[in-house]
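# Okay, predicted coordinates and the sequence, questions at the end:
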Amino acid sequence: MPPYNVTRNWRLLDSLAVLIGVVFCTFAFSAGASGTYVLFDPPGSVKTEGLAINIAGDVAGDYDDGSGHGVCFSYRFSDGKITGFTVDNSSNCAALSINDGGVITGRITDNADPECTRTGKSFVRAPDGTAKSFGFPNSSYTFALGINKKGNIVGYYRDDSSGGCVFGGFFRDKNSGTLTDVPVKNAQDIYATGLNNSDDVTGRFLDFVQITHGFLKRGKTITGKKCGKGCQSFNIQGADKHNNIGGPLGINNTRDITGYFTDPEGVDHGFIRFSNGTFAQLDDPNPGTQGTFALSINDSQAVAGYYVDAAGSQHGFVRTAAGEFLDIDCPGGSLTQPHGINAVGQVTGQCQTAADGKVHGFVWTP
């Protein structure tokens, strides 16, 4: 079960900036935590997802405009202003990462499924609204996932020269705009999924006997030797090695990595791989939990994600460095799915409210 679906259909909205109303409410958790929620939606949205959050509480994400098309947005926490946008007139836009300077990256694609047939590019968008699309050379599909404070970007692309459905990781240098491979030894498919401010990259790769591994490439070794000095490949403890879903998703500035995996029994678990190479398996302690998905980690080792309860409903959590799980459920919500956590512990994601059945974006402040 994937942590989020970014393959929906959306439509064009050219740089529309609107000021929207927000809902403030305070809610006490049964786990003893409390916080303040802000729920938000662009006008016309039938489904809003906050996917990444920066130090200022500003959010990047996407929304469904009700006609089967998707629109990127930026949400400014300080005053509730939302700006919907697309790039290259795309009808399928997702803003997936935002750095502390407000620069956003994401992808614009067609609606084909699976990824072996999909086409599209990635983009970078400055705070002034200037946007530029880019793609890996000789590839018709490029998917950006992370951006750091320098403006460097990582993601993956489909290698059309391979004659098959093969994927490679990429690193995009902000200054030159050049995209280069992130090579890993003995890898068939490579997915670069996370990037920190020191240009350390994490992700997963599939080897030539179809076993999935994680990797960490440090700073200047990103595009160098194939997991030589400065590069580590690793197995996720307890994972079904033949399941190519999940894996490492986020990395903080001390090289702690989080993500999720599926065990041989088909149960999903979150994990932290600490910078010293040790692992902690994350399972939400609520009774009846069927699966736990860890999606984002900050420098305090706080992890944001969600779990699935016995009835199949999704609930959010923040797992603290001390190992405590704090429930993150929007007031009146029937579903809560956090995606990102920032340096001060604010969380963004999506939640469905029972009263109207609508999915809203949210920011939770502890």
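Yep, that arrived. Please read all numbers here as calculations on a predicted model, not as lab measurements.
# and residue 177, how many residues sit next to it?
By other C-beta atoms under 10 Å, 10 other residues sit near residue 177. Every residue, glycine included, has its C-beta placed from N, CA and C.
# ok, and the closest non-adjacent residue to it?
Among residues not flanking residue 177 along the chain, residue 134 sits closest, at 6.9 Å (C-beta to C-beta, 6 or more residues apart in numbering).
# wait, the one you found sits on residue 123?
Yes: counting by C-beta atoms under 8 Å, residue 134 touches residue 123, with 7.0 Å between them.
# quick one, which of these two is more surrounded?
Remark: of residue 134 and residue 123, residue 123 carries more neighbours, 27 against 17, as counted by other C-beta under 10 Å.
# Residue 88 in helix, strand or coil?
Secondary structure state of residue 88, per DSSP: H, G, I helix; E, B strand; the rest coil, is coil.
# if I pick it, what's in contact with it?
By C-beta atoms under 8 Å, 6 or more residues apart in numbering, residue 88 lies in contact with 108, 121, 123, 133.
# Got a quick ChimeraX command for the buried subset of those?
With 16 or more other C-beta atoms under 10 Å as the criterion, this ChimeraX line picks the buried residues out of these:
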select :108,121,123,133
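# Need the mean per-residue confidence for the helix or strand hosting residue 124.
Per DSSP states H and E, residue 124 falls inside strand 120-125. Per-residue pLDDT values across strand 120-125 average out to 98.
# residues in contact with it?
Under C-beta under 8 Å, 6+ apart, the answer for strand 120-125 is 72, 74, 85, 87-88, 90, 92, 95, 103-110, 131-135, 140-144, 147, 151, 153, 155, 172.
# Quick check on these: which are buried?
72, 74, 85, 87, 90, 92, 95, 103-109, 131, 133-135, 141-144, 147, 151, 153, 155, 172.
# Just the ones of the residues you listed in strands?
Mapping the buried ones among the contacts of strand 120-125 onto strands (DSSP state E) picks out 72, 74, 85, 95, 104-109, 131, 133-134, 142-144, 147, 153, 155, 172.
# Quick one: low-confidence residue ranges for the chain.
For the chain, applying pLDDT under 70 flags the ranges 1-33, 220-230, 244.
# so can I have CSV of the contacts of residue 88 showing distance to residue 199?
Formatted as CSV, those follow (distance: C-beta to C-beta, whole Å):
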residue, distance to residue 199
108, 25
121, 22
123, 20
133, 23
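# Which of the contacts of residue 88 sits closest to residue 161?
residue 121 (17.2 Å; C-beta to C-beta).
# Kindly provide the distance from the closest one to residue 105.
For residue 121, the distance to residue 105 (C-beta to C-beta, to the nearest Å) stands at 11 Å.
# again with residue 219
20 Å.
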